[in-house]
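*Asks:* Just need the structure, nothing else, for what follows:
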Amino acid sequence: MEVKDEMVKIYFDKDTSLDPLKEKTIAVIGYGSQGHAQAQNMRDSGLNVIIGVRPEGSSWKRAKNDGFEVYPISEAAEKADVIFMLIPDMVQPAVYEKEIAPHLSEGKTLDFAHGFNIHFKQIIPPENVDVIMVAPKSPGLRLRETYKEGFGVPALIAVYQDWSGKAKETALAVAKALGCTKAGVIETTFKDETESDLIGEQTVLVGGLIELIKNGFEVLVENGYPPELAYFEACNEAKLIMDLIYEKGIIGMLRAVSDTAKYGGLTVGPKVIDEHVKENMRKAVKYVQNGGFAQEWLEEHRSGEKRLKELMKEIEEHPLEKVGRFIRKTSGIED
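*Replies:* You can find the predicted model right below:
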């Protein structure tokens, strides 16, 4: 596999300015994991931020308690120059049509943290607004924590529509206000962010990792090893290895583990995760790229997410989870 030597440009604090957002009103729609973190980071960066949520719900009360001006979504959208869509992907289209679109006057900016609804045309903005994406590569809690520590998490930015001619500058200003330019920001496209995010989640970060851990646990138990031991070997220690990879890269992790672990991992690993697995990954890539997964997920959501609920129940009742809950509670990790 060849990788081109030329690296993409990475933007840092020195490359960006908050000027495009000064004197602007920013409406954060939603006050969940990303909403509360992004709103607080931008406010602490000196920007004028208001919140748009469902009246008198838990998010309304939480945002009020955090000192924000809080409005119904439509009113926040009307007041704002820049509108952040930070509610769940599947909820966005209906909220956009009813609450946001009527107030998208010429020159406003619509910002997303994920490109799903734009790329798959569930939301089609008018031509006379800017459409950008700023996607911090971490959960909201970590985004907020690193900001308070004086650092940040990496992020992706993208421009889908540049009515003003200054959409990229606005996206970089948002990234700076979130603290992300302290860690580094890469420019991409809505298409590449959406597809690579889905592919990564399905084949590695969520789907692949769950199945690898689950199958490793099952094989150990099938061969007579105690479930508690199997949990430690197949699941608990995965965090320790990932922490090393996060901090030092794969080669740094390998240098940190025993020679026995190095040799066994490098010789047996490719026999387990083999070309057959890679071919299945390629099939998953095609299913995302041709829109098949998006269509399947949209239909699943519209039908009440019955299959998703069944799959979640299966995982919750798996012996791995039962053993894991016991170990986490007895060790004080989980309440």
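
*Asks:* Every contact and neighbour count from this point should use C-alpha atoms.
*Replies:* OK.

*Asks:* Go ahead and confirm A167 touches I132.
*Replies:* Yes. Taking contacts as C-alpha atoms under 8 Å, A167 lies within contact range of I132: 6.7 Å.

*Asks:* and for these two, which residues touch both?
*Replies:* Counting by C-alpha atoms under 8 Å, 6 or more residues apart in numbering, the common neighbours of A167 and I132 are 109, 159, 161.

*Asks:* All the helices of the stretch 51-200 of the chain, residue numbers only.
*Replies:* With DSSP state H, counting those that start in this stretch as the criterion, the stretch 51-200 of the chain has helices at 58-65, 73-79, 92-95, 116-119, 140-148, 167-178, 190-200.

*Asks:* of the ones you listed, which approaches L47 most closely?
*Replies:* Closest to L47 of the helices of the stretch 51-200 of the chain, according to C-alpha to C-alpha: helix 167-178, at 8.0 Å.

*Asks:* Which other helices and strands does the closest one contact?
*Replies:* Applying 3 or more C-alpha pairs under 8 Å, 6 or more residues apart in numbering; DSSP states H and E, we find helix 167-178 packed against helix 33-44, strand 130-136, strand 155-161.

*Asks:* highest average neighbour count across the ones you listed?
*Replies:* Sort the helices and strands packed on helix 167-178 by mean neighbour count, taking mean count of other C-alpha atoms under 10 Å, and strand 130-136 sits at the top with a mean of 26.

*Asks:* Now do that strand against helix 167-178: the angle between them, please.
*Replies:* Compare the direction of strand 130-136 with that of helix 167-178 by axes from the mean of the first three to the mean of the last three C-alpha atoms, to 10 degrees and you get 30 degrees.

*Asks:* and the helices of the stretch 51-200 of the chain as CSV, adding mean neighbour count, mean pLDDT and distance to P102?
*Replies:* Shown next, in CSV, are these (neighbours: other C-alpha atoms under 10 Å; pLDDT from 0 to 100; distance: least, C-alpha to C-alpha, whole Å):
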stretch, mean neighbour count, mean pLDDT, distance to P102
helix 58-65, 17, 94, 22
helix 73-79, 21, 98, 8
helix 92-95, 16, 97, 11
helix 116-119, 19, 97, 18
helix 140-148, 18, 96, 29
helix 167-178, 26, 98, 21
helix 190-200, 19, 96, 24
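
*Asks:* Could you save those helices as a markdown table and add columns showing distance to Y31?
*Replies:* Output for these, formatted as a markdown table (distance: least, C-alpha to C-alpha, whole Å):
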| stretch | distance to Y31 |
| --- | --- |
| helix 58-65 | 6 |
| helix 73-79 | 11 |
| helix 92-95 | 14 |
| helix 116-119 | 19 |
| helix 140-148 | 10 |
| helix 167-178 | 15 |
| helix 190-200 | 22 |
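
*Asks:* contact partners of stretch 25-43?
*Replies:* Applying C-alpha under 8 Å, 6+ apart, the contact partners of stretch 25-43 are 47-53, 59-60, 63, 73, 76-77, 79-87, 139-141, 143-144, 147, 174, 177-179.

*Asks:* tell me which residues in the longest helix seen in the chain are buried?
*Replies:* Assignment by DSSP state H gives helix 237-256 as the longest helix of the chain. Within helix 237-256, the residues scored as buried using 16 or more other C-alpha atoms under 10 Å are 244-245, 253-254.

*Asks:* the inter-axis angle of the following helix or strand past that helix versus helix 237-256?
*Replies:* Later in the chain than helix 237-256, the nearest helix or strand by DSSP states H and E is helix 259-272. Counting by the same axes, to 10 degrees, helix 259-272 points 110 degrees away from the direction of helix 237-256.
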